[in-house]
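In: I need the structure of the sequence given here:
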Amino acid sequence: MTSLSPREPGQTEVDGSEAPGDGPDSDAGNPAGEPLPMWFERGVVVVAAAVVSFGGFGLLLAVMGSYHLAVVLPVGAALTVALSWLAWPHRPRHRRGDATPARGAAAAAMAMCLLALVSMAWNGLHAGHHVAIGRDPGVYAVTGKWIATRGNLEIHTDTEWTSKTSAVTTLAGGTYTTGPNTSQFQFDHLTATLLAEGDNLGGDRLMFRVPAILGALGLCAVYGAGCRMVKRPWLVLAAVTGLAVAMPQLNTSRDTLSESSVQLLLWAGLLLLATAYERRRPGTAVLAGAALAGIAMSRIDAPVYLIPLPLVAALAWIWARSATDRRNVVRLTGSALAGALPVAVIGVYDVQNRSGHYYADLHSEVHLLQVGLIISTLVAVAVVGIWALVGRRLSAAVGALAAHRNLLAGLCGGLTTLFVLAMWLVRPALQTKHGTAVGLVGALQKAGGLSVDPTRTYAEQSLHWFSWYIGPVSVALFAAGAGIVIACLVRRPAAQGVLVMSCAGLGTALYLWKPSISPDQIWAMRRFVPAGLPLALLLAAAAVAAAADLLGSWRAVAGTVAAAAGAAALIVPPAAVTSPVRAFVPASGESLNLAGVKVLCAEVGPRAAVLTASSDIVSREIVGAVRAWCRVPVATMSETFSATQIADLARQWQAEGRTLWVIGSTPSAVTTSAPHLDAHLLVAVDQLRELEKTIGRAPSHYTNVQAAIFGTAVQG
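Out: Now for the predicted structure:
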């Protein structure tokens, strides 16, 4: 491996040379050997290749309006094989006798696989069937079902309603109007595409368990990257176990949200990119670039994780020990870009052309991230150019700094720890962050006995949120571990640590400062599932490892006890917080879940035209689900209908062989919107074990929600 350490003053450049003791596993206290067995690395390669290939190609077809599983399967399989072949890991033969896994690495990796299987089964058992579009999960689910059954990302209602009356709207929640009779789905669409592929393969049952599968695979990716950074597999396993049982991780693994796919792609991409650099494997860099760019197909805020990468590449070029190593950095960077470019193009085209209004709504925030990525790239190019011109003159200054490396390491590490502690303990006393008023926030404040101020964002409390779910001890260890890792990287940079601390670290820091999400719990914590929580627990494990090494140098049993106690501190608090509500099932608030929508479909029949009551939020939330699952024309009243109007509309639908149904969440909603109609109960669902909504603490109880739809068939 080419070390990331800067050259010492006066050190002679020799192509391919590597100073003794500067190899990847020569850190003091690190066990000899590879922290990951080869079969585990190969598994991560195949998983990353499959998600990028099947998800990316499926999304491309959906964007083009021609998605079909029969086309996706062979092409996706071929792309998976090709990318896996390019990135297939081989243990380098030139390394110093440590080509075999470290002691216990294989057993820890097998335990990690068992944890992933248990997590998948557990979360799959309690998977939510969230189809009402009150919040994001319903949008992803409805979009996924639409792609699976219609093969495109546009809703065309033609003139099925507008030719009959102007007093209705066909726009559903989570969609944007793009023409008189056309609308598009909100968000980036990789997650919806993966849901669609699950639906095509295994119906609704599999579709709603895709997040559980992605969440379990994401845990494996976090474990792989963590082992390459901390290099104590059992402590990393403890950290990932704490993540696996933490309530926010469970929530995103049980609901149709994008965080699970982002977590998987981010951590797999960071692991693969570090591996490519350390082993000089351009093929691995291609897959790493594709995986990291895949985040752009999942979320509009993808640049938040990618901004540091150009600067990291520039620093790697500067720190290279020889001309050969620099050529290698350029080759690997080019390979990563080659893998990233086509994937990024699909993602950007998708969000700009198949969710254009959503992109426009968030353009000011997204533009800042895009500018950040551009600036990072320009600065990286400038740094490389300046160093190429005057690098020899700067070598003396670099050498002077290197001579004080230990002092700089201690200073940077100490400041990092103090900063994290200040964010946790001091910031809430100095700041009270405000934003746009949110009615839900005010209601939860009132219910919790807090001062009512619906403009509060509680951004200053973000690290307190962490302590609610993973425990104060883990947050304190997070602060210590951040300082320790930064100090180690200043003393001797290493690829995995630099990548994780820059990419995952920047995303974590920005969202800790400004989460940009409604602060109700558990909702707000989804912002930290891709990067923040995994990073916090891995850094906490690093702190435990450092303490175990220090005590172990004095007495072996003391190091063992410290490691065991630290592992318990990483697992027990999140498990204790989750335990009272461990069987929670994400539902849809006051609207119907999938079971209720299917009952409604059976009640109205396949030859229905459904009209939801005006000013009835609950029934409007299921417009998208009725359209996707019942596959009947559906619209919402934009004004109250007279008896004559509703009868005339019913006659027009009857002439087309359809029966008009008017539905609402209460009988009065129906009769108010269309006087002279009598509404009867069509479907009632008790949604058990949904998490309570809170504002000043973690959820600790279930809330049972009853949802109902009333309606009637209208005779023309």
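
In: helix or strand next in line after the helix or strand hosting residue 559, which one?
Out: Assigned by DSSP states H and E, residue 559 belongs to helix 556-578. The helix or strand immediately downstream of helix 556-578 is helix 594-604, counting by DSSP H and E.

In: which of the residues in that following helix are buried?
Out: 594, 596, 597, 598, 600, 601, 603, 604 (16 or more other CB atoms under 10 Å). Just so you know, the C-beta spots here come from the backbone N, C-alpha and C atoms, and that holds for glycine as well.

In: please enumerate the strands of the stretch 201-350 of the chain.
Out: Counting by DSSP state E, counting those that start in this stretch, the stretch 201-350 of the chain has no strands to list.

In: again, but for the chain
Out: In the chain, strands defined by DSSP state E lie at 154-156, 168-169, 175-179, 182-185, 608-612, 634-637, 659-664, 680-691, 702-714, listed in chain order.

In: in a markdown table: those strands, plus distance to residue 500 and mean pLDDT.
Out: Formatted as a markdown table, these follow (distance: least, CB to CB, whole Å; pLDDT from 0 to 100):
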| stretch | distance to residue 500 | mean pLDDT |
| --- | --- | --- |
| strand 154-156 | 39 | 93 |
| strand 168-169 | 47 | 90 |
| strand 175-179 | 36 | 90 |
| strand 182-185 | 33 | 93 |
| strand 608-612 | 48 | 95 |
| strand 634-637 | 47 | 94 |
| strand 659-664 | 50 | 94 |
| strand 680-691 | 30 | 89 |
| strand 702-714 | 36 | 90 |
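
In: for these, give me TSV that also has mean neighbour count and distance to residue 553.
Out: Output for the strands of the chain, formatted as TSV (neighbours: other CB atoms under 10 Å; distance: least, CB to CB, whole Å):
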stretch	mean neighbour count	distance to residue 553
strand 154-156	17	64
strand 168-169	20	71
strand 175-179	17	61
strand 182-185	20	57
strand 608-612	26	69
strand 634-637	24	69
strand 659-664	25	71
strand 680-691	17	45
strand 702-714	19	48
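
In: residue 279 is nearest to which of the ones you listed?
Out: strand 182-185 (40.9 Å; CB to CB).

In: helices and strands around that closest one, which ones?
Out: Other elements packing on strand 182-185 under the criterion 3 or more CB pairs under 8 Å, 6 or more residues apart in numbering; DSSP states H and E are helix 136-150, strand 154-156, strand 175-179.

In: tell me how far residue 220 lies from residue 571.
Out: Distance of residue 220 to residue 571, given as CB to CB, to the nearest Å: 17 Å.

In: pretty sure residue 335 is touching residue 287, no?
Out: No. Residue 335 is beyond contact range of residue 287, at 9.3 Å (criterion: CB atoms under 8 Å).

In: now do the contacts for the closest residue to residue 487 other than its chain neighbours.
Out: Leaving aside its sequence neighbours, residue 487 sits nearest to residue 413 (CB to CB, 6 or more residues apart in numbering; 3.0 Å). Neighbouring residues of residue 413 by CB atoms under 8 Å, 6 or more residues apart in numbering: 483, 484, 485, 486, 487, 488, 490.

In: now do residue 334
Out: residue 282.

In: per-domain residue ranges of the chain.
Out: Split into domains by automatic domain parsing, the chain comes to 38-94+112-126+209-581, 154-188+587-714.

In: residue 543: neighbour count?
Out: For residue 543, the count of nearby residues is 24 (other CB atoms under 10 Å).

In: state the distance from it to residue 233.
Out: Between residue 543 and residue 233 the distance, using CB to CB, works out to 17 Å.

In: who touches stretch 215-226?
Out: With contact meaning CB under 8 Å, 6+ apart, stretch 215-226 is reached by 36, 40-41, 43-44, 47-48, 51, 109, 112-113, 115-117, 119-120, 123, 236-237, 239-240, 243-244, 249, 252-253, 260, 263-264, 266-268, 270-271, 274, 496, 500, 534, 538, 541.

In: check those residues for burial and list the buried ones.
Out: Counted by 16+ other CB under 10 Å, these give 36, 40-41, 43-44, 47-48, 51, 109, 112-113, 115-116, 119-120, 123, 236-237, 239-240, 243-244, 249, 252-253, 260, 263-264, 266-268, 270-271, 274, 496, 500, 534, 538, 541 as buried.

In: from residue 593, how far out is the nearest residue to residue 597 once chain neighbours are set aside?
Out: Of all residues not flanking residue 597 in the chain, residue 625 sits nearest, at 4.7 Å (CB to CB, 6+ apart). Using CB to CB, we find residue 625 at a distance of 9 Å from residue 593.

In: so how far is residue 630 from the residue nearest to residue 487?
Out: According to CB to CB, residue 413 and residue 630 sit 59 Å apart.

In: same check, this time on residue 200
Out: Applying CB to CB, the value for residue 200 to residue 630 is 19 Å.

In: same thing with residue 155?
Out: With CB to CB as the criterion, residue 155 and residue 630 are 14 Å apart.

In: where in this protein is pLDDT low?
Out: Within the chain, the stretches with pLDDT under 70 are 1-33, 92-102, 588-590.

In: hmm, try it at 50
Out: Across the chain, the ranges flagged by pLDDT under 50 are 1-31, 96-98.

In: max-length helix in it?
Out: Secondary structure of the chain per DSSP state H: the longest helix is helix 363-403.

In: right, I'll leave it there.
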